[in-house]
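J.: coords please:
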Amino acid sequence: MTMTHRADAIIYTIGLFDEEDDDRNPRVLTQLAKDTGGDVFLPESLKEAVPICERIARDIRNQYTIAYVPANKKRDGTYRVMQVTASAPGHGHLLVRTRGGYRAPSAPPPSPTANY
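T.: Numbers count the residues shown, from 1 in each chain. Model prediction:
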């Protein structure tokens, strides 16, 4: 399990790259944002950064938390894929940004006193 999943954080990434930098890798930022339910921004110039930050702030202020209780009660630590959709009459297309799934809890280790 990666640190991002353990932290349960939504990560928004902004990639400002020097075109001549051989180490630039926007795919890493894209994957990090996607895996955590965030978004990636790859502006072409520094002057685009402020509007991007304002958009991220707006997104954060307009987030909702929903709860999900899985039918599969197995505590096997597996990754489970899920998809969330939303609709509201008269509101057109709604954007839902979520993680692609979740990791089921693992069974707790046996108690050391269980053998007595």
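J.: use CA for all of it now, contacts and neighbours both
T.: OK.
J.: which parts of this protein are strands?
T.: Along the chain, the segments classed as strands by DSSP state E run 13-14, 40-41, 79-81, 101-103.
J.: pairing partners for the first one, with directions?
T.: Using DSSP bridges, the strands paired with strand 13-14 in its sheet are strand 40-41 (parallel).
J.: pLDDT score for the nearest residue to Tyr79 once chain neighbours are set aside?
T.: Closest residue in space to Tyr79, ignoring its immediate chain neighbours: Arg103 at 4.3 Å, by CA to CA, 6 or more residues apart in numbering. Note for Arg103: predicted pLDDT of 86.
J.: cool, the one 3 residues further on as well?
T.: Listed pLDDT for Ser106 reads 89.
J.: what's the answer for Glu44, then?
T.: Confidence score, pLDDT, at Glu44: 90.
J.: returning to what we had before: for the residue nearest to Tyr79, the count of nearby residues, please.
T.: A total of 15 residues lie near Arg103 under the criterion other CA atoms under 10 Å.
J.: touching, it and Lys74? I think so.
T.: No - with contact defined as CA atoms under 8 Å, Arg103 does not count as touching Lys74 (11.3 Å).
J.: quick one: which of the strands of the chain has the weakest pLDDT on average?
T.: Lowest mean pLDDT within these: strand 101-103, at a mean of 86.
J.: and it, what does it pack against?
T.: Strand 101-103 sits against strand 79-81, with contacts defined as 3 or more CA pairs under 8 Å, 6 or more residues apart in numbering; DSSP states H and E.
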